[in-house]
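Undergrad: coords please:
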Amino acid sequence: MKLRKEEFSLRQLEVFANIVSEGSYSKAAEAMDLAQPTVSEHMSALEKTLGARLVDRVGGSLELTHAGRLFLGYTKRTLALVREAFQAMNELKGVVRGELVVAGSTIPGVYLLPPLIMQFTAAYPDVRVGLKVGDSRFVVERLLDGHAEVGMIGKQLDDPRIECKEYAEDELVIAVGSKHPWSKRREATIDDLVGQPFVVRERGSATRDTYEKALEAHGLKGEKSLHVVCEMGSTEAVKEAVRVGLGVSILSQRALAAEEKAGQLHALRLKGVKLHRKLYLVRHATRTQSPIAKAFLAFLDAQRGKA
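TA: Model (predicted):
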């Protein structure tokens, strides 16, 4: 059917918003569980209806055109309004049904939220929960752009747009490979770390921020600092680097449980240094919560202390 100028669909708006947030057609297709040609068709139809290109391919990435930046604001507001309308109708009927998107930084997103989500969906079989994992900045962006209602991160925020609430404790430990000289030890000292080849997460990682501040407070900075040999973009990559002997690292105890049990990695504490942090539940400070989000937050509150 040929679209008239005033016609376009909500699905086309969702496709456009996802292309922008995910950064590519293929990732948008994956996020929406659509075939990539279908995403391309929706986007082409929307641009034809508007009579303007919304995105350009520049090198290997996508960039919004001037028209795209203008239309994105209207798209976000329209989709948010539609979600609020459905939420209001469900709340009116007392129904907890539909889809909830949760975002988590690496440690809570990979090691804490999945079992909690499994328990929640068992209690609410009419609810489908999508989990998006990235760094803390990614989680905040998903909350602000309306692509997620609830998040969990490993550091406290000072952002009036985001409500931040303590949820769980997370202990950080030194991780070494099974053949490392420290693999039989229960603890190491600050001086032990000096000169050790060290594998770290990328800057912006809440885990890295936590232990760098703790180590600096105990004098590990300047000439007496970590000997970083590699920077990795994920906790899984860091664990593999440590496992094969590239170096040692400091990671969440939660992230090492499976490898410790399998005898692939060994965890030891840093003597005299408190390597603990809080995990925080986060949500948009002013946006109306859906009945599903309210139910999920109430469920998480009931599980507090067990996680």
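
Undergrad: residues in contact with the closest residue to F71 other than its chain neighbours?
TA: Spatial nearest neighbour of F71, excluding adjacent residues (Cβ to Cβ, 6 or more residues apart in numbering): L54 at 6.0 Å. Glycine gets a C-beta too; all of them are placed from N, C-alpha and C. By Cβ atoms under 8 Å, 6 or more residues apart in numbering, the residues touching L54 are F16, M43, L46, E47, L64, T65, A67, G68, F71, L72.

Undergrad: For A35, see how far away L54 is.
TA: 20 Å (Cβ to Cβ, to the nearest Å).

Undergrad: same thing with T286?
TA: From T286 to A35 the distance is 37 Å (Cβ to Cβ).

Undergrad: and what of E171?
TA: Distance, E171 to A35, using Cβ to Cβ: 44 Å.

Undergrad: mind listing what the residue lying closest to I292 once chain neighbours are set aside touches?
TA: Closest residue to I292 apart from its sequence neighbours, by Cβ to Cβ, 6+ apart: L100 at 4.4 Å. By Cβ under 8 Å, 6+ apart, L100 lies in contact with V127, R128, V129, G130, E149, V150, S290, I292, A293, F296.

Undergrad: who's L100 bridged to?
TA: V129 (DSSP bridges).

Undergrad: just H266 next, same as before
TA: Taking DSSP bridges as the rule, H266 bridges to V176.

Undergrad: Enumerate every residue touching it.
TA: Residues counted as contacts of H266 (Cβ under 8 Å, 6+ apart) are A175, V176, G177, S178, H180, W182, S183, K184, E260.

Undergrad: Same question for S136.
TA: S136 sits next to S105, I153, G154, K155, L157, G204, A206 when contact means Cβ under 8 Å, 6+ apart.

Undergrad: Pass me the low-pLDDT residue ranges in the stretch 151-300 of the chain, would you?
TA: 222-224 (pLDDT under 70).

Undergrad: which stretches of it form strands?
TA: Here the stretch 151-300 of the chain has its strands, by DSSP state E, counting those that start in this stretch, at 162-177, 187-188, 197-201, 227-232, 249-252, 265-270, 276-284.

Undergrad: what packs against the second one?
TA: Contacting strand 187-188 under the criterion 3 or more Cβ pairs under 8 Å, 6 or more residues apart in numbering; DSSP states H and E are the following elements: strand 265-270.

Undergrad: Just want the angle from the strand it packs on to strand 162-177.
TA: Angle, strand 265-270 to strand 162-177, by axes from the mean of the first three to the mean of the last three Cα atoms, to 10 degrees: 110 degrees.

Undergrad: just to revisit the earlier point, on the pLDDT front, check the residue nearest to F71 for me.
TA: Note on L54: pLDDT of 95.

Undergrad: and what of E6?
TA: 54.

Undergrad: Could you chop this structure up by domain?
TA: Domain assignment for the chain by automatic domain parsing gives 10-88, 93-168+278-303, 169-276.

Undergrad: hang on, the earlier thing: give me the subset of the contacts of S136 that lies in helices.
TA: Members of these lying in helices (criterion: DSSP state H): A206.

Undergrad: Which among the contacts of S136 count as buried?
TA: S105, I153, G154, K155, A206 (16 or more other Cβ atoms under 10 Å).

Undergrad: I'd like those residues laid out as CSV, including distance to G305.
TA: Formatted as CSV, the buried ones among the contacts of S136 follow (distance: Cβ to Cβ, whole Å):
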residue, distance to G305
S105, 21
I153, 19
G154, 18
K155, 21
A206, 21
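
Undergrad: Among the residues you listed, list the two that are farthest apart in space.
TA: The largest separation in the buried ones among the contacts of S136, counting by Cβ to Cβ, is between S105 and K155 at 8.3 Å.
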